[in-house]
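*Asks:* need a structure here:
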Amino acid sequence: MASTPSGSPVRETHAEPGFLSDFILGSQDGLVNVLGIVLGLAATGQGRFIIIVAAAAALAAESVSMGAVAYTSTRARRQLYLAERQREVWEMEHVPAMEKQEIREILREWDFQGDEVESMLDQIIAKPKMMLDLMMAFELHLSPVQASQPGRSASVVFLATLVGSIIPLLPFLLGVDLSIMDAGIIAIGLSAVVLFLVGWYEARTTVGSVWESGVRMLLIGLGAGAAGFLAGYFLNVFAPGMA
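*Replies:* Here you go, the predicted model:
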């Protein structure tokens, strides 16, 4: 809790880990997937219309599927948390001695010793909700998942995937006077900038060097895009009749 110059307390704002991971997952996946497709098709000599149609189809399918995966995986985490919390409640009621010993071990890991452990143990046991929350967080290492979180996660991943997918497609949509090669080069440049900014945002929101994080994200994304280009290139070289 921070305070103003006058001494009034002000609640600090913190980044939501779930939002950050969902944003990075969606934006990187959408961008890299479509970049690989447009570069692969460009390498086979396909025309602008084919590239746009294929990329648009991938954009739609990828955005929906990624949003659905985010929803189901987050919902599964919530179901697991609730099931484990229910099991902990049962153990607190039916095997309290075992639960007390588990709390002792947690307190000792925090460097509490002797009478200090027993004193804190008595205080924790006197407050069942505190005891339950402590066991969930420090015995099972599970964080609560709110009922609204699966929907929020799905929305963030869907939108991030959609926006990320559009980036490498823009030169082909807007640059009608560009050659396919020039559009592909611009798509790589735009994608590189966006990937670096996503890595930069990750480091600014968490910890680490913004340059290191940005370059790492850029290399991972462009490496995956290069795989699509090489697949199209070798298909065009070794099986030109199929392209």
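*Asks:* which strand or helix spans residue 120?
*Replies:* Assigned by DSSP states H and E, residue 120 falls within helix 114-125.
*Asks:* and the gap between residue 158 and residue 71?
*Replies:* 9 Å (CB to CB, to the nearest Å). The way it works is simple: take the backbone N, C-alpha and C, and place the C-beta from them, glycine included.
*Asks:* the two: which is more packed in?
*Replies:* residue 158 (22 against 19; other CB atoms under 10 Å).
*Asks:* got any ranges where this structure has weak pLDDT?
*Replies:* 1-17, 239-243 (pLDDT under 70).
*Asks:* quick one, strands of this structure?
*Replies:* 2-3, 9-10 (DSSP state E).
*Asks:* now do the helices in the chain.
*Replies:* In the chain, the helices defined using DSSP state H lie at 17-43, 48-94, 96-109, 114-125, 128-134, 149-166, 170-174, 180-205, 210-238.
*Asks:* distance to residue 140 added to those helices, as a markdown table?
*Replies:* Putting the helices of the chain into a markdown table (distance: least, CB to CB, whole Å) gives the following:
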| stretch | distance to residue 140 |
| --- | --- |
| helix 17-43 | 18 |
| helix 48-94 | 6 |
| helix 96-109 | 10 |
| helix 114-125 | 16 |
| helix 128-134 | 10 |
| helix 149-166 | 18 |
| helix 170-174 | 46 |
| helix 180-205 | 26 |
| helix 210-238 | 30 |
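*Asks:* can I get the helix holding residue 120 as CSV, trimmed to CA atoms?
*Replies:* Taking C-alpha atoms only, helix 114-125 is exported to CSV below (Å, rounded to 0.1, in the frame of the first residue of the first chain):
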residue,chain,number,x,y,z
GLY,A,114,9.9,-23.8,18.5
ASP,A,115,7.2,-21.9,20.4
GLU,A,116,7.0,-19.4,17.6
VAL,A,117,5.6,-22.2,15.3
GLU,A,118,3.1,-23.4,17.9
SER,A,119,1.9,-19.8,18.7
MET,A,120,1.3,-19.0,15.0
LEU,A,121,-0.2,-22.5,14.4
ASP,A,122,-2.9,-21.8,17.1
GLN,A,123,-3.7,-18.4,15.5
ILE,A,124,-4.1,-19.9,12.1
ILE,A,125,-6.2,-22.9,13.2
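*Asks:* from the chain's centroid, how far away is it?
*Replies:* 39 Å (CA atoms, centre = their mean, to the nearest Å).
*Asks:* what residues does that helix touch?
*Replies:* By CB atoms under 8 Å, 6 or more residues apart in numbering, the residues outside helix 114-125 that reach it are 96, 100, 103, 104, 107, 108, 112, 130, 131, 134.
*Asks:* which one among those gets closest to residue 84?
*Replies:* residue 134 (13.6 Å; CB to CB).
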